[in-house]
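A.B. asks: Please find the sequence and the predicted model below.
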Amino acid sequence: MLSVNEKKEIVAKFGKDAKDTGSVQVQVAILTAEIAQLNEHNKKNIHDFSAKRSLVAKVAQRRSLLAYLKRTDLEAFAKLTSELGLR
């Protein structure tokens, strides 16, 4: 789980202003950070099946948000995927 400070940093980097927490870019960036944390947790705790399930759910949510962003704003999609290092 991300701390409040980590989320504020992500919002400051990817949002339009400090209160822009709902934009697609910010949501994808937060999900990417949470996915990275869950990946590390799952490597250490291989029998934590609820964490695996939540990882799959977060990946699916990020995938749908990225598909929406690609459909609506291709330039923002390209910029975001390059900054986050996504394929």
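C.D. replies: Cool, the structure landed. Numbering: from 1, shown residues only.

A.B. asks: and the gap between G22 and V56?
C.D. replies: 23 Å (C-beta to C-beta, to the nearest Å). Yep, even glycine has a C-beta here, placed from its N, CA and C like the rest.

A.B. asks: Could you pick out the longest helix of this structure?
C.D. replies: helix 49-72 (DSSP state H).

A.B. asks: which stretch of helix or strand covers Q37?
C.D. replies: Q37 belongs to helix 24-44 when assigned by DSSP states H and E.

A.B. asks: circling back to that earlier point, buried sites along the longest helix of the chain?
C.D. replies: A51, S54, L55, K58, R62, L65, L66, L69 (16 or more other C-beta atoms under 10 Å).

A.B. asks: quick one, the helix holding Q37 and helix 49-72 angle?
C.D. replies: Going by axes from the mean of the first three to the mean of the last three C-alpha atoms, to 10 degrees, helix 24-44 is angled at 150 degrees with respect to helix 49-72.

A.B. asks: Which residues does helix 24-44 contact?
C.D. replies: Identification of contacts with helix 24-44 by C-beta atoms under 8 Å, 6 or more residues apart in numbering yields 1-2, 6-7, 10-11, 13-15, 20, 48, 51-52, 54-55, 58-59, 61-62, 65-66, 68-69, 76, 80, 84, 86.

A.B. asks: Just the buried positions in it, please.
C.D. replies: 24-35, 37-38, 42.

A.B. asks: Give the buried residues for stretch 15-23.
C.D. replies: G15.

A.B. asks: distance between the ends of that stretch?
C.D. replies: Chord length of stretch 15-23, first to last residue, is 7 Å (C-alpha to C-alpha, to the nearest Å).

A.B. asks: just checking, what packs against whichever strand or helix holds K13?
C.D. replies: Assigning secondary structure by DSSP H and E places K13 in helix 4-14. The elements that helix 4-14 packs onto, with contact taken as 3 or more C-beta pairs under 8 Å, 6 or more residues apart in numbering; DSSP states H and E, are helix 24-44.

A.B. asks: okay, the residue most central in space within the chain: pLDDT?
C.D. replies: Central residue of the chain (C-alpha atoms, centre = their mean): L31, 2.2 Å from the mean position. What the model reports for L31 is a pLDDT of 97.
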